[in-house]
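sequence and predicted structure, then a few things I'm wondering about:
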Amino acid sequence: MGKKKITDQQRWQIVGLLKDQTKTERELDELVGVSQKCVNTTKRNFQATSRVHNFGNCGRPPKLSDRDVSYIFILVRKNPTTSYRQIAADFNSKFEEHKISRETVRRVLAKKGIESYSAVKKPLLTLSDRL
């Protein structure tokens with residue numbers, strides 16, 4: 001069971017009911033329909049920041065823009081047999097503001113659903129096969 005998303009309206013409802021101080025946190029979670037931890041977290045966040053919405057946008061921002069990703073995708077569509085290393089070299093020669101590795105290219109293409117594979121080896125046709 002995962003985390004249940006709650007709306008800002010529910011958070012404001014929790015804050016309003018907490019200000020009344022007529023109900024306990026346990027009664028609030030049943031009334032609003034959320035967990036007791038959610039009530040506790042909302043209370044703590046509101047006391048610290050006077051806001052109720054999620055902070056979000058945590059973590060490192062992406063190195064490549066959507067335009068950069070599109071360029072890599074176009075390179076692969078033009079020549080599907082190009083190696084990751086060659087795509088990274090082409091990208092780095094064109095866009096000098098940031099350098100990427102072959103692993104970055106691999107991750108970008110994997111997100112687009114393009115994975116590397118080895119072609120199936122097929123035996124050459126013999127004289128009897130040709131007839």
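All right, it came through fine. None of the values given here were measured: they were computed from a predicted structure.

what's the domain layout of the protein?
Per the TED database, the domain ranges recorded for the chain read 8-49, 66-111.

let's have these in CSV, adding distance to Ala119.
Bear in mind the C-beta positions are built from the backbone N, C-alpha and C, glycine included. Shown next, in CSV, are the domains of the chain (distance: least, C-beta to C-beta, whole Å):
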stretch, distance to Ala119
domain 8-49, 52
domain 66-111, 9
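
which one of those has the poorest average confidence?
Ranked by mean pLDDT, those end with domain 8-49 at the bottom, a mean of 83.

end-to-end on that one?
Criterion C-alpha to C-alpha, to the nearest Å; first-to-last residue distance in domain 8-49 is 15 Å.

what's the answer for stretch 14-25, then?
For stretch 14-25, the first and last residues are 9 Å from each other (C-alpha to C-alpha).

out of the domains of the chain, nearest to Leu124?
Closest approach to Leu124 among the domains of the chain (C-beta to C-beta): domain 66-111, 20.5 Å.

quick one: distance of that closest one to the chain centre.
Domain 66-111 sits 19 Å away from the centroid of its parent chain (C-alpha atoms, centre = their mean, to the nearest Å).

tell me the secondary structure for Thr104?
Secondary structure assignment for Thr104 (DSSP: H, G, I helix; E, B strand; the rest coil): helix.
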